[in-house]
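K.L.:
predicted coordinates and the sequence they were generated for:
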Amino acid sequence: MKEQTVCHIDDMQPGELRESVLGRIAIVVCKTLDGEFYAFTNKCIHQGGPLAKGKLCGAPQSDNPGEYTFCQDGEILRCPWHGREFDVKNDGRMLANPERKLPSFPIKIENDYVIVYK
């Protein structure tokens, strides 16, 4: 099993993204607003954009035409190139097409360090 220590849990603020590598795979680690960590390949499945250069944000939602609310704040990973959005708490599934998702990696917290493994 390959693993990589990314950082101490306090080195990342909620809403922050961090680039790292796992062997030869570029990854992005996300810390959501509730303090949970998630890891995905650092390459958008649309056209390969560097996700660590994107941002964790929310998504607009509409129940009535012309009326929008903001939901999932700090849980949506948005690609910087074309704005593709992925739900980090739902296995990295694309909002526009939930059948597609980012390759993800398990994370463990050990002695207050964030460790990604494969």
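P.N.:
Yep, it's here. Being a predicted model, the structure only gives us computed values, none of them experimental.
K.L.:
mind listing what Cys79 touches?
P.N.:
Neighbouring residues of Cys79 by Cβ atoms under 8 Å, 6 or more residues apart in numbering: Cys44, His46, Gly49, Leu51, Gly54, Glu85, Phe86. The way it works is simple: take the backbone N, C-alpha and C, and place the C-beta from them, glycine included.
K.L.:
if you set the cut-off to 6 Å instead, what comes out?
P.N.:
Counting by Cβ atoms under 6 Å, 6 or more residues apart in numbering, Cys79 makes contact with Cys44, Gly49, Leu51, Gly54.
K.L.:
which element is the second one on?
P.N.:
By that I understand Gly49. Counting by DSSP states H and E, no helix or strand carries Gly49.
K.L.:
wait, it touches Trp81, no?
P.N.:
Yes - taking Cβ atoms under 6 Å as the definition, Gly49 is a contact partner of Trp81 at 3.4 Å.
K.L.:
hang on, the earlier thing: by neighbour count, which of the contacts of Cys79 wins?
P.N.:
Of all the contacts of Cys79, the highest neighbour tally under other Cβ atoms under 10 Å goes to Leu51, namely 28 neighbours.
K.L.:
what's the pLDDT at that residue?
P.N.:
Each residue has a pLDDT score; the one for Leu51 is 97.
K.L.:
what is the burial count for Glu99?
P.N.:
If you count neighbours by other Cβ under 10 Å, Glu99 ends up with 6.
K.L.:
look up how far Val88 lies from it.
P.N.:
Counting by Cβ to Cβ, to the nearest Å, the separation of Glu99 from Val88 is 17 Å.
K.L.:
from the contacts of Cys79, which land in strands?
P.N.:
Among those, no member falls in strands (criterion: DSSP state E).
K.L.:
from those, pick the one nearest Asp112.
P.N.:
Distance from Asp112 was checked for each of the contacts of Cys79 by Cβ to Cβ. The minimum falls on Leu51, at 25.0 Å.
K.L.:
so that closest one sits against Ala39, correct?
P.N.:
No - look at Leu51 against Ala39 with Cβ under 6 Å: they stay out of range, at 10.8 Å.
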